[in-house]
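Participant: Make a model of this:
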Amino acid sequence: MKITYEPIGIVHSPFTDVSSMPIQPTSEASREGMVEIYPAYVEGLQDVDGFSHLILLYHMHAVRTVKLSVIPFLDTVARGVFATRAPTRPNPIGLSIVRLVEIEGGNLKVDHLDVLDGTPLLDIKPYVPEFDARTDVREGWLAAARDRVKNTSSDDRFT
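Facilitator: Numbers count the residues shown, from 1 in each chain. Predicted coordinates for the structure are as follows:
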């Protein structure tokens with residue numbers, strides 16, 4: 001089975017080099033940016049302004065390899081790619097939760113962005129705490145590294 005998606009927009013961000021990006025939206029290095037929705041999809045933005053945060057799903061277009069075992073940014077031990085958020089996945093789909101600042105036409109000004117400039121946007125979903133925030137969670141190997149995410153930037157290990 002072949003699955004094909006068409007982008008609904010493009011992400012404009014200050015991050016033009018993969019090796020200096022934040023690794024998550026909660027990083028202190030995350031920044032404001034603009035999500036441009038293509039005209040054919042602008043109608044779908046109706047009522048989005050009622051939400052403070054959005055989930056962006058995007059194609060990590062700069063990824064050129066697939067690795068099923070990776071050493072993630074916050075660790076020194078090889079982990080299965082599905083136990084990480086590393087970009088070198090069989091389907092390089094990224095997910096970021098961003099704060100919606102304002103909407104002007106088909107442009108969404110967002111904050112807490114950690115996405116490479118020019119990234120094709122696949123979908124937007126509203127972030128709903130009742131649906132998305134969990135309290136009964138296990139963090140696996142990341143529990144030991146959780147305090148470092150705010151100060152860790154990307155490097156070239158996944159390019």
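Participant: Quick check: closest non-adjacent residue to residue 51.
Facilitator: With sequence-adjacent residues excluded and distances taken as Cβ to Cβ, 6 or more residues apart in numbering, residue 51 is closest to residue 126, at 4.2 Å. C-beta: built from backbone N, CA, C; applies to glycine.
Participant: Could you do residue 77 as well?
Facilitator: Residue 77 sits nearest to residue 71 (Cβ to Cβ, 6+ apart), 6.8 Å away.
Participant: SS state for the residue nearest the centre of the chain?
Facilitator: Residue closest to the mean C-alpha point of the chain, counted by Cα atoms, centre = their mean, is residue 96 at 3.1 Å. State at residue 96, reduced to three classes by DSSP: H, G, I helix; E, B strand; the rest coil: strand.
Participant: what bridges to it?
Facilitator: Using DSSP bridges, the bridge partners assigned to residue 96 are residue 56.
Participant: pretty sure the residue nearest to residue 51 is touching residue 49, no?
Facilitator: No - at 10.5 Å, residue 126 and residue 49 do not qualify as touching, with contact defined as Cβ atoms under 8 Å.
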